[in-house]
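Just need the structure, nothing else, for what follows:
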Amino acid sequence: MTLRRSVLGLTSASLLLLLALGCSDDLVMPANAGGTAGQGGETGSGGSGDFGAAGESSATGGASGGSHAAGGGAGANGNLLVDDFEDGDATPLIPGGWYSYTDVDNGGGSTLTFSDEAGSTIGMNGEGFDSSRSLEIDYSFDQADLPYEPYVGVGAWLGSSSAPLDLSAYAGISYTYRGGAHTVRVETYDVGDYDFYGAALPASPDWTTVQLAFEELQQEGWGTPVDFDPANVGALSFHMRGATGESATLQVDNLTVLLSLEDLGPDMQVLDPDPPDDATIDSIEISNPLQQRALQYLDRGYNITNWLEEARFEDFDYDEGYVAALAAAGFRSLRLPIDLDLYVEARSGSGDAMELTLHDDLFTILDAFDEWTSNSGLGLTIDYHQYDGSFDVTDSDGVAEAVELWARVAEHFAENPREDLFFELLNEPELSSAATPPTQAEWTEIAERMISAIREQDPTHTIIFGDVDWYGIDALTAREPLSDGNVVYAFHFYEPFIFTHQGASWTALGAAHDVPYPYSPERWSEYYSDLGFSRFADDWIESLIQDYYRSGNRAAVRNRIVEAKGWAVEHDVPVICNEFGVYERTSRLEDRERYYTDLIGIFEELEIPWQPWFMIMDDDGNVIPEYRGAFGLDE
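Numbers count the residues shown, from 1 in each chain. Model prediction:
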């Protein structure tokens with residue numbers, strides 16, 4: 001029988017989205033490591049260093065000779081006690097050494113200290129769990145010059161690449177902790193890019209004992225997938241990530257490798273599908289002439305992703321030939337995500353008196369795509385799209401800069417006669433903001449300012465507006481239309497989320513895989529780990545998993561989209577869906593094909609223009625064959 005998982009006393013708390021970082025050579029300790037993730041893809045980068053020789057890292061102990069099996073801390077029950085911390089030193093009870101690290105060498109300013117110790121000195125001086133001592137660390141996060149979320153960590157080095165620790169006779173690990181959220185990792189030398197196998201644990205104010213089977217550990221999904229090999233272990237570690245200004249304490253006791261684990265039985269149910277009844281909509285008619293313009297110029301659209309929204313322009317990765325290939329493939333519009341403020345060279349003044357100096361590259365790019373899309377008969381949306389978190393509603397000058405940017409872009413295109421040129425104010429305000437995201441009222445006020453600035457220069461071109469909650473349908477349908485009458489309203493659609501975002505490392509579903517669409521009892525499981533779900537996920541993720549037998553179907557998808565269309569009919573304004581899609585890393589092609597077929601059919605039925613986010617055409621301009629029928633591109 002397959003070993004299953006158990007957890008004792010686990011409290012419910014938020015799951016942190018943590019990227020696994022580390023080193024995979026002779027040291028399983030990151031002297032220089034990093035990773036970042038974004039909505040359209042992910043990257044990881046890093047380096048390695050000598051044991052205890054870089055940044056805030058330090059360690060003692062080690063292993064020598066050839067590959068060695070676990071031994072020194074074995075107890076009467078066959079378990080391997082790595083450390084109970086009662087001796088208070090930096091040496092585990094088996095050969096190796098404890099080490100710590102921070103992000104300082106990579107430009108961060110995070111700190112980590114062991115209780116009652118100064119600097120990088122290692123000591124185990126925390127209050128124990130029914131004992132005298134525990135590993136206790138205090139840490140704080142400061143992103144400083146890091147391009148990704150700050151991090152710290154601590155671990156026990158237990159083997160080298162030439163002499164790894166062999167845990168193949170064991171079933172999993174156990175420890176007791178109190179304090180901050182963290183990812184516990186079993187680091188093996190098979191992983192070469194820091195995406196180690198591990199499990200993310202929530203913060204707990206009370207002592208919590210955890211047992212984790214090796215089979216339950218997962219890579220987070222942003223690195224190269226490799227098989228987990230318990231015979232090739234280099235370290236056991238605890239990795240923490242957080243936002244600037246956050247701080248916490250973590251206590252760990254009784255770190256043990258288990259010979260066997262208790263089987264708690266199934267943690268999911270395999271149920272028959274239970275789709276809802278189809279929602280009725282009395283009419284889809286919208287008399288506003290913008291509806292026909294949207295259908296003509298925004299339908300069958302395409303997003304060029306992971307390019308100009310991620311970094312500043314260097315060269316035309318996508319050029320006139322690619323635009324022509326889009327048109328030849330059957331697409332009729334292009335949404336160009338671009339971070340406009342990356343091209344601000346300087347600014348002076350503030351508020352309505354702010355003046356900007358813009359780099360010529362901005363209008364080189366926009367003019368090129370204006371020309372290319374016009375030549376190919378594609379509508380063009382200029383989408384102000386950020387990933388860098390530089391939009392802060394509490395920064396009046398930052399907001400004024402965004403408003404003035406739109407004034408400058410509108411001025412540039414004011415005399416452009418195209419009816420199929422659109423200005424999209426700001427993609428997903430939450431994604432753009434590193435601070436507290438704007439409320440709907442705050443975002444509405446900012447959007448109205450942007451529109452006023454545009455209209456002072458350009459009274460003609462149509463504006464695209466999406467609401468808070470990630471362009472959510474619920475936010476959209478809870479509002480009244482804006483004061484300007486020349487606005488198309490956008491929503492984004494990624495439901496059912498556990499299907500569309502399986503394998504996405506920027507979510508809590510980085511390890512999820514093979515989630516079927518539609519829901520299928522034959523492909524479902526009684527166990528979270530069989531589909532890569534984490535039993536430590538937030539309640540909202542767990543709820544989506546448990547409800548999938550009802551939500552993973554065409555009727556549930558259609559009913560949500562009907563809500564958006566019903567709002568549009570009520571207010572006589574057009575709506576479009578300019579982002580949707582399925583992350584491809586761990587989903588099956590046949591499931592994606594079925595999902596896209598359903599979704600496009602619903603959009604066509606309800607006369608909603610569509611533009612997928614995940615690119616379905618390769619660099620040579622070829623659409624994946626199975627997608628041509630699903631998207632109706634053969635018609």
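
List the residues that contact the closest residue to Ile281 other than its chain neighbours.
Nearest non-adjacent residue to Ile281, counting by CB to CB, 6 or more residues apart in numbering: Val562, 5.3 Å away. For every residue, glycine as well, the C-beta is placed using N, CA and C. Applying CB atoms under 8 Å, 6 or more residues apart in numbering to Val562 gives the contacts Ala279, Ile281, Leu606.

which one of those residues sits closest to Glu430?
Nearest to Glu430 among the contacts of Val562: Leu606, at 26.1 Å, using CB to CB.

Per-residue confidence, the closest one, what does it come out as?
Leu606 is assigned 98 on the pLDDT scale.

what's the distance between it and Ile284?
6 Å (CB to CB, to the nearest Å).

Of these two, which one has the most company?
Neighbours were counted for Leu606 and for Ile284 using other CB atoms under 10 Å; Leu606 has more, 19 against 15.

Was I right to think that one contacts Ile286?
No - Leu606 is beyond contact range of Ile286, at 10.6 Å (criterion: CB atoms under 8 Å).

Which segments of the protein make up each domain?
Using automatic domain parsing, the domain parsing of the chain gives 6-33+49-258, 289-494+554-577+609-630.

looking at the ones you listed, which is buried most?
Comparing these by mean neighbour count (mean count of other CB atoms under 10 Å), domain 6-33+49-258 comes out on top with a mean of 20.

from the chain's centre, how far out does that domain sit?
Relative to its parent chain, domain 6-33+49-258 has a centroid offset of 23 Å by CA atoms, centre = their mean, to the nearest Å.

Next: stretch 374-389.
The chain centre lies 22 Å from the centre of stretch 374-389; the measure is CA atoms, centre = their mean.

end-to-end on that stretch?
The first residue of stretch 374-389 is 32 Å away from its last residue (CA to CA, to the nearest Å).

now stretch 137-151
The first residue of stretch 137-151 is 13 Å away from its last residue (CA to CA).

what does that stretch contact?
If you take CB under 8 Å, 6+ apart as the criterion, stretch 137-151 is touched by 18-19, 21, 34-36, 100, 102-103, 106-115, 152, 154, 180, 239-250.

Just these: which are in strands?
34-36, 100, 102, 111-114, 152, 154, 239-241, 247-250 (DSSP state E).

re the thing from before, overlap in contacts of Leu606 and Ile284?
What both Leu606 and Ile284 touch, as defined by CB under 8 Å, 6+ apart, is the set Lys565.

how close does the residue nearest to Ala324 when sequence neighbours are not counted get to Gly321?
Spatially, and ignoring its direct neighbours in sequence, Ala324 is nearest to Ser376 (5.1 Å; CB to CB, 6+ apart). Ser376 is 10 Å from Gly321, where distance means CB to CB.

mind showing which ranges of the stretch 351-500 of the chain have poor pLDDT?
Filtered on pLDDT under 70, the stretch 351-500 of the chain yields the residue ranges 434-435.

go on, the stretch 201-350 of the chain?
Using pLDDT under 70, the stretch 201-350 of the chain has no residue that qualifies.

where along it do the helices fall?
In the stretch 201-350 of the chain, the helices defined using DSSP state H, counting those that start in this stretch lie at 289-297, 320-329.

Out of those, which is closest to Val468?
Here helix 289-297 is closest among the helices of the stretch 201-350 of the chain (CB to CB), at 21.7 Å.

okay, the closest one in PDB with CA atoms only?
Extracted C-alpha coordinates of helix 289-297, given in PDB (Å, rounded to 0.1, in the frame of the first residue of the first chain):
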ATOM      1  CA  PRO A 289     -22.500  51.000 -31.400                       C
ATOM      2  CA  LEU A 290     -19.300  50.200 -29.400                       C
ATOM      3  CA  GLN A 291     -20.500  46.600 -29.300                       C
ATOM      4  CA  GLN A 292     -20.100  46.100 -33.000                       C
ATOM      5  CA  ARG A 293     -16.800  48.000 -32.900                       C
ATOM      6  CA  ALA A 294     -15.600  45.600 -30.200                       C
ATOM      7  CA  LEU A 295     -16.700  42.600 -32.200                       C
ATOM      8  CA  GLN A 296     -15.100  43.900 -35.300                       C
ATOM      9  CA  TYR A 297     -11.700  45.100 -33.900                       C
END
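
and stretch 116-132, how far apart are its ends?
Start-to-end span of stretch 116-132 (CA to CA) is 15 Å.

can you list contacts of that stretch?
Applying CB under 8 Å, 6+ apart, the external contacts of stretch 116-132 come out as 56-60, 83-90, 98-100, 113-115, 133-136, 176, 178, 207, 209, 251, 253-254.

In strands, which of these appear?
Among the contacts of stretch 116-132, the members falling in strands are 58-59, 83, 98-100, 113-114, 135-136, 176, 178, 207, 209, 251, 253-254 (criterion: DSSP E).

For Arg628, see how far away the most centrally placed residue in the chain is.
With distances taken as CA atoms, centre = their mean, Trp506 lies nearest the centre of the chain, 1.6 Å away. Trp506 sits 29 Å away from Arg628, going by CB to CB.

Surely Thr357 is within a strand?
Yes - counting by DSSP: H, G, I helix; E, B strand; the rest coil, Thr357 is located in a strand.

Correct me if wrong: it contacts Tyr343.
No - Thr357 is not in contact with Tyr343 according to CB under 8 Å; the separation is 9.7 Å.

so what's the nearest residue to Gly466 once chain neighbours are set aside bridging to?
Sequence neighbours aside, Ala490 is the residue nearest to Gly466 in space, at 4.1 Å (criterion: CB to CB, 6+ apart). Taking DSSP bridges as the rule, Ala490 bridges to Gly466, Ile576.

residues in contact with Ala490?
Glu424, Ile464, Phe465, Gly466, Tyr471, Val575, Ile576, Cys577, Asn578.

quick one: Leu167 and Val233 touch, right?
Yes - at 5.3 Å, Leu167 counts as touching Val233 under the criterion of CB under 8 Å.

Can you pull the residues that touch both of the two?
Going by CB under 8 Å, 6+ apart, residues that sit against Leu167 and also against Val233 are Val186.

hmm, back to that, make sure the residue nearest to Ile281 is indeed in a strand.
No - judged by three-state DSSP, Val562 forms no part of a strand; its state is helix.

Kindly provide the distance from it to Thr460.
32 Å.

Equivalent analysis for Ile446, please.
Counting by CB to CB, the gap from Ile446 to Thr460 is 22 Å.

Repeat that for Ser350.
On the measure of CB to CB, Ser350 and Thr460 end up 29 Å apart.

now swap in Leu81 and tell me
In this view, Leu81 and Thr460 are 74 Å apart by CB to CB.

Equivalent analysis for Ser100, please.
Distance, Ser100 to Thr460, by CB to CB: 60 Å.

ditto for Asn254
When Asn254 is compared with Thr460 (using CB to CB), they lie 70 Å apart.

Could I get the contacting residues of the nearest residue to Leu326 once chain neighbours are set aside?
Leaving aside its sequence neighbours, Leu326 sits nearest to Tyr302 (CB to CB, 6+ apart; 5.5 Å). Residues touching Tyr302, when contacts are defined by CB under 8 Å, 6+ apart, comprise Leu326, Phe331, Ser333, Leu334, Arg335, Gln611, Pro612, Met615, Met617.

Mind listing the residues bridging to Tyr302?
Leu334.

where along the stretch 351-500 of the chain do the strands fall?
For the stretch 351-500 of the chain, strands defined by DSSP state E, counting those that start in this stretch occupy the ranges 355-358, 379-384, 421-424, 462-466, 487-493.

With distance to Arg592 as extra columns, can I get those strands in TSV?
Formatted as TSV, those follow (distance: least, CB to CB, whole Å):
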stretch	distance to Arg592
strand 355-358	40
strand 379-384	24
strand 421-424	26
strand 462-466	24
strand 487-493	15
